Every structure is written in C-alpha cells, then in structure tokens.
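Engineer: structure for this input, please:
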Amino acid sequence: MNKEVSKIVTRSALCLLFLSVSGLKLWAEPRLPHLFGDHMVLQRGEEIRIWGWSDPQETIEVNLAGSSRQTAANREGQWSVSLPPLPAGGPFVLEVRGKKTLRFKDVMIGEVWVASGQSNMTYALSGAANATEEIPKANDPGLRFFTVPKKIALEPQMDTLPATWELSTSDAAKNFSAVAYFFGKSVRRSLGVPVGLILSAWPGTAAEEWTDPDFLRRDPILQPIVSHWDSVSSEEKAFAAHSRKFSLDFDDFELLPANADSEPVSFSNFDDGSSHVSTGGTWSYSWQEALDSQFELVAPGRGGKGYAARISGELDGGSDSRWEVRLRPDGTPAELSSFAGVRFWVRGNGTFVFRMGQPSISDGDDYSTGTLKATLEWKQVTVWFKDLKQAGWGVSQKLTLDQISGFSLSAMTDLLDPPRPPSGLYEGMIAPLVNYRIRGAIWYQGEGNTQRAFQYRTLLPALIRGWRARWNEGDFPFLIVQLPNQGHTEEFADSWWAELREAQLLTAKTVPNTGLAVTIDVGESGNLHPPHKAEIGERLARWALGTTYKMPLEYSGPLYDSMRVEGKGIRIRFQHMGNALKVHGDTLQGFIIAGSDKKFHHAQARIDGNTVVVSSPEVDAPVAVRYAWEDSPPCNLFNSEELPASPFRTDDWPGATFSNR
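Structural biologist: This is a model prediction of the structure:
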C-alpha cells in the first residue's frame, strides 16, 4: 500500500479512534449535557438549572459564583439542582463535584436566545451583504455561540450531539447564522451585557419537524401531517431513528470531448494509488459531516488492477456525505468548455448525486443530476453537462463551463432521500435544550410550508405553544421573521407566499408575546436566500428591545388594524405608525381593491393623517383591500422610523392553499 492510500486509511482510523476515546471521556462520571462547557452563557435574573448524569445515588455538589447546592443522583443516575438567580456578569467557574470534579471556565451570566428555522436562519455571516466590513469587527468575547448539531429523533433526546460554545471572533462569526449574529450584536450593544445565542436550525425543513408531537396530533387541521408520516414505509421510519449502511465504489473517470471525433480524456483512475486528478487537483471527503463513514482506496479496482475509490459506512438523516474534487490544487476554476460531459464507473449499495461546482453559485443550488442508483456489479454512468439542472430554490445562474471549480458526489443510502418525520427535529434538536433557561426565541422559517400556508395559521401557533409548554418558562418572547419578497406571481393571482406572510402576521397578532420582523423590502425576487441579513437581525432585536427589554422605541412597522368603507373608498387604520406614516417615492404602490364580485383592481392610495384611503374608479362599492399581496410586490408604505408596513388583506376569502394539508 503506498503512502497516500495509507494516509487516507489512517485518517479514517484516527477519526474512529478519536470518537471512541471521546465517547469514553464523555461518559465519565459525573457528566453534563454538551450545552454546559467553557464560555457558556447562563440566563441572568432567572433560577439557574444545572443537570446531568452520574453513578446511581452518587452525591453531587454544584458551585457557581458563591452559590452551592448538593443533591444525589437517582437510581437511573440522573440529577439536577437549581441555583439562585444572578445578575449579568462574569467570568465565573462552574464546578461540579462527584467522584470526579468538572470545572467549566469563563462562564458568563447574561441574555440567552434560541435561534431556529431553516436555511435563511443558517445562512452564514460570510454570505451577508456587508460581510467584508462586518467580519473583521466581529471580535467580541461578550457575544457567544452554540450550534446544535443536526439530529433527527423519534423520541425526546436528553442531550445534543457533541458541540461547544464559541466566543464571537472573525473566524467563528463568519460561519455562524448572520441573522442571529446581527440580532445578538444589537441586543448586546443596547444592553451592555453578555449575550449567548443557541442556533438550532436546518435548511430545507418544514415547521412540523420542529413541533411537539402532542400539539400536532391533537389538532384536526394538523392531523394529516401525522397521518402522512404514519403511512410511510417501515424502512423509512427505521432510518429516522437509526443509521443505515452504504458502500459505493468509483473508478475510471473520463472527460468526454465536445468534439465527437476526439477520444475521452482520462481524468482519475486511482491506478497509481493516489487520489490526484489529471488537472492537478485532489479528491477529498467531508467525513466531519458524516462521522460514521470513510473514504479509502481499495484494491483491486475495476478490471482487477489498481485501486478504486470507496465511500462506505453508515449514514443517518443528518449526515452530509460528500466526496469532492478540486480541479486545481489552489481551488481556482478551470476551463472545461471543450468537454461535453464526464463518464465513470460505479458499483455498490447506495445512491448518489453528481454536482458541478462553479464560483458564481454560492447558495448550494449547483448544477446537478437527479439521484443515481448503484448496482452490485460495475456499471458505467455518463453525465452530459447539458442535462444538468439547478434544483430551483437558489439564484438562477448560467452554467459556466469556462469557470468550473470541481465536481462532487453526494453519497446516500439505498433509500434515496426519505422523508423526515414530523417532530423529528423537535425531539432531536429542541428537546435537549428545554431545561436550559433562555430569554426567548427568534424564528426564520416558512419557505418549506408555503404550499400549505393556510395550515400554517394553526401550525406556527402550535409550535410556539409546544415550545413554551416544554420549557416551562411561561410565554417567553417568540419573534418571527416574516418572509421577504421572493418569486413572481401573475397580476391579481393567488400567492402562496402572501398567504404564508399572512399566517405569520396573524400569529403575531393572536399569540401572546410574539413579534414580527417585516422584511418585504429586503428580499430579492430571484433569490430564496437574500443577503440582506443585517436589517432582519436588527429588526428582530428592535422588537425585543422595545417589548422584552422595555426600551422607549418604536419596534414595528405599520400593522393593519381595521377598515371602514367611506363612499367609494376604504379607509385603513394601522398600529405602529411611529410619528407618522410615510411613502418611499411619489405615490403609494401595492394596494388593490375589490367589490363583492371579488375581482381586484389596481387602486389609488393616499396617506391621510394616520390612515390610508384606498379607491379605484373601477370599483363603485368596495368591500376589500389588499396590500403587497404578491410573491414580490411593489410596495412602499413605511412609518417614520423607516420600518416597512406588513402585507395584509381585509378580506378572508379562501386562497390557493385553503384546502392543502
């Protein structure tokens, strides 16, 4: 075995050894959840809960900032203590004494918030519009991050997967949630106390995955979500709770010339026992994202000679098993315009997706194939570049064959991409947090539920009630990011996105101690992941500062309050006008009006004091007004604090998603 093969195998072995040793260490007595560690932030002004595991009946003593408590573990080895509230401050040492003594250093007392949702919450600071200016300023030891690792579970988990608290540095912040970072930075700047942010989010997820199962099953509008899961196969259900084995071998990669008369060009065949490719780059494997798997070169390769590349092990629903190649050693793009495709051989038990990498695509929506399935015997796969497509959830980009950074193969099990269970992320990524005292939560999600927007009116309140019930801290603040402008709808057509925004608005109006950051002005119609995250984080913080922290400021843009028909017009009243309503531009845009025939027409709208009067010469007897009721509407109503008005409608006529379950 040559040196490179040995290096690959050794790295995998060291990874497994590290996990084994770490596992032994983690289970040493006493043990605390991963949320407890150096640099943690504990909630100020609230009773502090400390809990963990040890030998049954073991005596445990906990000391923090001059307070001390003793307890004994029960027969299952579980124990917990409560320490008295502390004001903001630190650093302190948290000491837990049992048969062994644990000491957690640099513990701060301050404000703790949970940040959750899908991809726009996980969107990193490095991709934000002002990242170049912001990242160098992110060094603040009073702002701290904890990222909950991905975990799907069918039962409540008592602990997260291994993770640690990080101080806000340029390196840490650039990979952390941009929205959460800007929220935490603003709260910290305004209050002058330590702030801890616990990020528990997952791209592409639906709200039901984050909802307490009891609250899904008890509501008839939400019951179909549970029924759908009940109908999936036993194998898919098992995968939600347990990892599944896979093994894929690849060999003999060739680039196919665009000129049909030319011969294929050997790209990578591993015969020399290396993972280098003909363009100078090297294959690598993201084993950190799939710890129970490995990449190795195995002999013999196809045809009984040389080596083949093998990716194998076990994957669960949270693993990201990606084998990728840089065409050039420094990662700079290469010219592939003279080629029409790539061809290679594969065998094994599993499936995979082939992706192209190009620098102009930064949101992960790469040009790719559909899911391809391996067989137990070697088979040849041909991927024509002209057939590759973007999935459609990112920014639409032209495939630039003159600027290709590399390829990747995402390995999966033979189940392809099985559905995730409702409540699976609640059990795996929220349940482990509920004993940890927090001030509140910020939530950026909804894109995954737009097709069932009317159901979201019930689902989001159920999610909030479930979280509050399990945290047992009363109606803690729950602040919602209303979806921004995105996509396109035909004139006066039904809009799923508008209905989802309405569900978020109604939740903020009807569920106690909730808030709404309106973002209709900072999205991009062709971009599901708009980069303007500073405005969103700061608007969430503004709501928290004006409500939770009782600061004297206007914390919301105008929210629809009531309407009154006045002759041929309708007068609209708002809450949260600040000192005055204002228009960005010469005339108000985005208002439409209808009579009893439910046919909408463009309307003239004008600000009249603290109201807006809406009318149209085509509607003599108006009954309903809508504002910004499109995917990406033209709209320009703000208040004096430059906060945008939320989209709204005055009618309750059934929309496109009314019956969708």
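
Engineer: I'd guessed T489 sits against E630; true?
Structural biologist: Yes. Look at T489 against E630 with C-beta atoms under 8 Å: they come within range, at 4.9 Å. For every residue, glycine as well, the C-beta is placed using N, CA and C.

Engineer: between these two, which has more neighbouring residues?
Structural biologist: Taking T489 and E630 together and counting by other C-beta atoms under 10 Å, E630 has the greater number of neighbours (24 against 17).

Engineer: now the common contact residues for T489 and E630.
Structural biologist: When C-beta atoms under 8 Å, 6 or more residues apart in numbering defines a contact, the residues bordering T489 and E630 alike are S495, W497, A498.

Engineer: now those as CSV including neighbour count?
Structural biologist: Formatted as CSV, the entries for these read as follows, by neighbours: other C-beta atoms under 10 Å:
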residue, neighbour count
S495, 27
W497, 25
A498, 27
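
Engineer: take those and keep only those in helices.
Structural biologist: Of those, the ones assigned to helices by DSSP state H are W497, A498.

Engineer: got JSON lines for the shared contacts of T489 and E630, with pLDDT and distance to V148 too?
Structural biologist: Supplementary listing: the shared contacts of T489 and E630 in JSON lines, determined by pLDDT from 0 to 100; distance: C-beta to C-beta, whole Å:
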{"residue": "S495", "pLDDT": "96", "distance to V148": "33"}
{"residue": "W497", "pLDDT": "97", "distance to V148": "28"}
{"residue": "A498", "pLDDT": "98", "distance to V148": "32"}
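
Engineer: closest to D106 among the shared contacts of T489 and E630?
Structural biologist: Nearest to D106 among the shared contacts of T489 and E630 is W497, at 43.7 Å by C-beta to C-beta.

Engineer: that older thread, between the shared contacts of T489 and E630, which sits nearest E111?
Structural biologist: Within the set of the shared contacts of T489 and E630, W497 lies nearest E111; the separation is 32.3 Å, counting by C-beta to C-beta.

Engineer: correct me if wrong: that closest one contacts W629.
Structural biologist: No. With contact defined as C-beta under 8 Å, W497 does not reach W629; the gap is 9.6 Å.

Engineer: end to end, how far does stretch 600-612 reach?
Structural biologist: From the first residue to the last, stretch 600-612 extends over 18 Å; the measure is C-alpha to C-alpha, to the nearest Å.

Engineer: avg pLDDT for it?
Structural biologist: Across stretch 600-612, pLDDT averages out at 97.

Engineer: so how far is it off the chain centroid?
Structural biologist: Once both centres are worked out by C-alpha atoms, centre = their mean, to the nearest Å, stretch 600-612 turns out to sit 37 Å from its chain's centre.

Engineer: buried residues in it?
Structural biologist: Within stretch 600-612, the residues that qualify as buried are F600, A603, A605, T611, V612, counting by 16 or more other C-beta atoms under 10 Å.

Engineer: also stretch 213-229?
Structural biologist: In terms of neighbour count (16+ other C-beta under 10 Å), stretch 213-229 has its buried residues at P213, F215, L216, L222, I225, V226, W229.

Engineer: coming back round to it: widest-spaced pair of the buried residues of stretch 600-612?
Structural biologist: It's F600 and T611 that sit farthest apart of the buried residues of stretch 600-612, by C-beta to C-beta, at 20.7 Å.

Engineer: related to what we said a few turns ago, from the buried residues of stretch 213-229, pick the one nearest A431.
Structural biologist: A431 has its nearest neighbour among those in P213, at 10.5 Å by C-beta to C-beta.

Engineer: OK, contacts around the closest one?
Structural biologist: The neighbours of P213, taking C-beta under 8 Å, 6+ apart as the test, are V226, P422, S423, Y426, E427.
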